[in-house]
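Engineer: Provided below are the primary sequence and the corresponding predicted coordinates.
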Amino acid sequence: MKQYVFTILLTAAVTFVLSWVVWRVSLRYKLYPGIRDRDVHTTPTPRLGGIAMFLGVLAAFAVSAQHPFFAIIWSNPQQIYALLGAALIIVVIGVLDDLWDLDWMIKLGAQFLAAGVIAWFGQLQIYTLPVGGMTIFSSWVSFTLTVFAIVVAMNAVNFIDGLDGLVAGVCLIANAVFFAYSYMVFRDTGASNYFNLSSFIAAVLIGACIGFLPMNWSPAKLFMGDAGALMLGLLMACSAISITGNFDPAMLGDNDQFGRSQLLGAFIPILLPVVVVLLPLLDFGLAVVRRMSRGKSPFSPDRKHLHHRMLDMGHSDRDAVLIFYAWTALVSLSVLLMYIGTTLEWPGDYLFGVVYGVVGVAACLVVTLPPARRASAAHAAPAAAPERAPDPEPSPENAR
């Protein structure tokens, strides 16, 4: 575990320092676009933070290559080079888009190219789905499913990038939960070495998000842009595929030293990677349906994302971000706790996570209520309240 902590701290430090450098260079040479109609911020802000995040990730991988504890990760260097090469493709196309606003077809083509590099040259694919036993796909089915999953994950993360600190914080929470899960899976299956690609990628992304968040917290000095958001989605998808696509639920079956049920072992590896990015996936799905129903491209920008709706409800930027954090943490931790608390037979093994989830969701629903409704509910009196002058119309914050 100390090696993972070192990786997180190293990535965070490199990302933070380089984020400050990118911010200063961007301001000096005016490397930032103008304000768009869908933007929430009112001051032109550099969008090249993804460069610093990528270099932080690159530094972590470079150091791991010299670290004997991570030798197992580099046992297949072609896979690592394919992963980093795909990330480089995404960062380059993301930077170009952040500076000159590329056509969506070019961006989508680059995403499929990057996903193809990982699946074809890196041989990092979804070979199995641990449901009802080991389901082994044909090579082309595995390749297609892997590419599709990576592209969807990239766009899901990118679609929620609209408020200061939103993507960095949500991905920080999601990767922290997934790191805990992947680490415990290798521990519980009796692996002699807990160092694996899935946990390492999650640790690196935790560090990158920690290092970037101070520059991105409201009011943000620097945005990660498409380069950072798409890279996060790509690496998160690879982290999930490296463990889920090669997982045998029998390893957590009746012979598990913790007594976990076979049913739980079969579904958690699929459920958790989806749950940790549930909000981005939900926003992505709603956006695709909304735009296509109007005869538009699913990648045409608008101001109808979930975070925009939160602002329209009356939440401030920071309140909306914190609500997204809470939803991400509660939903993903609920599933993780189902895994941790599985020491009893069904249904007792699910009870811990379910109770936590129900209580957490109820609390989040109350917090998500528009501020005006919460205030009226808190101050409502049993008797008729004296009449008072109506409040002035609230002015929208940071209207773009």
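Structural biologist: Sure thing, it's come through.

Engineer: what ranges do the strands span in the stretch 1-150 of the chain?
Structural biologist: In the stretch 1-150 of the chain, strands defined by DSSP state E, counting those that start in this stretch lie at 128-130, 134-136, listed in chain order.

Engineer: worst average pLDDT in these?
Structural biologist: The minimum mean pLDDT among those belongs to strand 134-136 (a mean of 60).

Engineer: Look at D164 and give its secondary structure.
Structural biologist: Recorded secondary structure, D164: coil (DSSP: H, G, I helix; E, B strand; the rest coil).

Engineer: next one: phi and psi at it?
Structural biologist: Main-chain torsions, D164, degrees, to the nearest 10: phi -60, psi 120.

Engineer: Now for it, how many residues are close by?
Structural biologist: With neighbours defined by other C-beta atoms under 10 Å, the count for D164 comes to 24. (C-beta placed from N, C-alpha, C; glycine too.)

Engineer: Relative to M338, how far out is it?
Structural biologist: Going from D164 to M338 by C-beta to C-beta, to the nearest Å gives 33 Å.

Engineer: same thing with A287?
Structural biologist: On the measure of C-beta to C-beta, A287 and M338 end up 29 Å apart.

Engineer: same question, Y183
Structural biologist: In this view, Y183 and M338 are 17 Å apart by C-beta to C-beta.

Engineer: So between these two, which is more surrounded?
Structural biologist: Taking other C-beta under 10 Å, Y183 and M338 do not tie; M338 has more neighbours (23 against 19).

Engineer: Packing partners of the helix or strand hosting the more buried one?
Structural biologist: M338 is part of helix 317-340 when elements are defined by DSSP states H and E. The contact analysis (3 or more C-beta pairs under 8 Å, 6 or more residues apart in numbering; DSSP states H and E) places helix 317-340 against helix 166-188, helix 262-275, helix 278-293, helix 306-312, helix 348-368.

Engineer: Repeat the analysis, applying 6 Å as the threshold.
Structural biologist: helix 166-188, helix 262-275, helix 278-293, helix 348-368 (3 or more C-beta pairs under 6 Å, 6 or more residues apart in numbering; DSSP states H and E).

Engineer: residues of that helix that come out buried?
Structural biologist: Residues of helix 317-340 classed as buried by neighbour count (16 or more other C-beta atoms under 10 Å): 317, 319-339.

Engineer: longest helix of the protein?
Structural biologist: Longest helix in the chain, counting residues (DSSP state H): helix 2-28.

Engineer: can you give me the angle the helix holding M338 makes with helix 278-293?
Structural biologist: Here helix 317-340 runs at an angle of 120 degrees relative to helix 278-293 (axes from the mean of the first three to the mean of the last three C-alpha atoms, to 10 degrees).

Engineer: what angle do helix 317-340 and helix 166-188 make?
Structural biologist: Using the same axes, to 10 degrees, helix 317-340 lies at 10 degrees relative to helix 166-188.

Engineer: what about dumping the CA coordinates of helix 317-340 to PDB?
Structural biologist: Written as PDB, here are the backbone C-alpha positions of helix 317-340 (Å, rounded to 0.1, in the frame of the first residue of the first chain):
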ATOM      1  CA  ASP A 317     -22.000  26.600  -8.700                       C
ATOM      2  CA  ARG A 318     -20.400  25.300  -5.600                       C
ATOM      3  CA  ASP A 319     -23.600  23.800  -4.200                       C
ATOM      4  CA  ALA A 320     -24.300  22.000  -7.400                       C
ATOM      5  CA  VAL A 321     -20.700  20.600  -7.400                       C
ATOM      6  CA  LEU A 322     -21.000  19.400  -3.800                       C
ATOM      7  CA  ILE A 323     -24.300  17.700  -4.600                       C
ATOM      8  CA  PHE A 324     -22.700  15.800  -7.500                       C
ATOM      9  CA  TYR A 325     -19.900  14.800  -5.100                       C
ATOM     10  CA  ALA A 326     -22.400  13.500  -2.600                       C
ATOM     11  CA  TRP A 327     -24.300  11.500  -5.200                       C
ATOM     12  CA  THR A 328     -21.200   9.900  -6.600                       C
ATOM     13  CA  ALA A 329     -19.800   9.000  -3.200                       C
ATOM     14  CA  LEU A 330     -23.100   7.600  -1.800                       C
ATOM     15  CA  VAL A 331     -24.000   5.500  -4.800                       C
ATOM     16  CA  SER A 332     -20.600   4.000  -5.400                       C
ATOM     17  CA  LEU A 333     -19.800   3.400  -1.700                       C
ATOM     18  CA  SER A 334     -23.200   1.600  -1.400                       C
ATOM     19  CA  VAL A 335     -22.000  -1.000  -3.900                       C
ATOM     20  CA  LEU A 336     -18.600  -1.200  -2.400                       C
ATOM     21  CA  LEU A 337     -20.100  -1.800   1.000                       C
ATOM     22  CA  MET A 338     -22.100  -4.700  -0.400                       C
ATOM     23  CA  TYR A 339     -18.800  -6.300  -1.200                       C
ATOM     24  CA  ILE A 340     -17.200  -5.500   2.100                       C
END
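
Engineer: Average pLDDT for that helix, rounded please.
Structural biologist: Taken as a whole, helix 317-340 has a mean pLDDT of 80.

Engineer: cool, stretch 54-70 as well?
Structural biologist: Stretch 54-70 comes out at a mean pLDDT of 92.

Engineer: Other residues contacting that stretch?
Structural biologist: When contacts are defined by C-beta atoms under 6 Å, 6 or more residues apart in numbering, stretch 54-70 is touched by residues 3, 7, 10-11, 14-15, 18, 74, 91, 195, 204, 208, 211, 231.

Engineer: how near is G207 to G56?
Structural biologist: G207 is 7 Å from G56, where distance means C-beta to C-beta.

Engineer: Have a look at those two and say which one is more surrounded.
Structural biologist: Neighbours were counted for G207 and for G56 using other C-beta under 10 Å; G207 has more, 30 against 27.

Engineer: ok, back up a step: hey, what's in contact with both of G207 and G56?
Structural biologist: T11.

Engineer: All the helices of the stretch 1-150 of the chain, in order from the start?
Structural biologist: Ranges of helices in the stretch 1-150 of the chain, per DSSP state H, counting those that start in this stretch, are 2-28, 49-65, 77-100, 104-116, 139-159.
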